[in-house]
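Student: with the sequence up front, the predicted model follows.
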Amino acid sequence: MKTETLDVIVKIAACVCGKDGIISQMEEESIYNTITSKSSNYTLEFFNKAIDDFFDENLQLEDYLEKVKILGIHEFVIYLCEVSASADGLDIKENIALNKVKLILGDKL
């Protein structure tokens, strides 16, 4: 998978995880570990830059999802969001964002 695609996927997970007001260290580690299990070439430097860019951007969850909608990686994106958001306990706002991811990517709730 291309680094640019992985960056967008990281930002989607960050968007979901951040809905409770903070992206915890546990959530960050979960995102990174899950991404690198899919692509071992994705370095910590790429990950940190994607997270930094996420905080500098003014995009919404829907904007990021639109970028991956046609790539056929829906299951992985949903899995990453589920695993990372629940790493420190799934807050209701994170759960709502996760359900939005599932709806937009066409997965049943």
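Tutor: Perfect, thanks for sending it.
Student: ok, I92 - how many residues close by?
Tutor: Here the number of neighbours of I92 (other Cβ atoms under 10 Å) works out to 9. For every residue, glycine as well, the C-beta is placed using N, CA and C.
Student: which residues touch I9?
Tutor: Taking Cβ atoms under 8 Å, 6 or more residues apart in numbering, we find I9 in contact with 35, 68, 73, 76-77, 80.
Student: neighbour count added to the residues you listed, as a markdown table?
Tutor: Rendered in a markdown table, the data for the contacts of I9 read as follows (neighbours: other Cβ atoms under 10 Å):
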| residue | neighbour count |
| --- | --- |
| I35 | 23 |
| V68 | 19 |
| I73 | 19 |
| F76 | 16 |
| V77 | 24 |
| L80 | 24 |
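Student: what bits of the chain have low per-residue confidence?
Tutor: Using pLDDT under 70 as the threshold, the predicted model of the chain has low-confidence ranges 107-109.
Student: which SSE is the residue nearest the centre of it in?
Tutor: Centroid check for the chain by Cα atoms, centre = their mean gives A13 as the closest residue, at 1.6 Å. Remark: A13 resides in helix 3-17, with elements defined by DSSP states H and E.
Student: can you name the next helix or strand after that helix?
Tutor: Stepping forward along the backbone from helix 3-17, the first helix or strand reached (DSSP H and E) is helix 25-38.
Student: tell me what that next one is packed against?
Tutor: helix 3-17, helix 44-56, helix 74-85 (3 or more Cβ pairs under 8 Å, 6 or more residues apart in numbering; DSSP states H and E).
Student: who touches that helix?
Tutor: Here helix 25-38 has contacts from 1, 6, 9-10, 13-14, 17, 42, 44, 47, 51, 76, 79-80, 83-85, 87-88, using Cβ under 8 Å, 6+ apart.
Student: what's the first-to-last distance across stretch 81-93?
Tutor: The first and last residues of stretch 81-93 sit 13 Å apart, counting by Cα to Cα, to the nearest Å.
Student: what do you get for stretch 35-51?
Tutor: The first-to-last residue distance of stretch 35-51 comes to 13 Å (Cα to Cα).
Student: now it, how far from the chain's geometric center?
Tutor: For stretch 35-51, the distance between its averaged C-alpha position and the chain's averaged C-alpha position is 12 Å (Cα atoms, centre = their mean, to the nearest Å).
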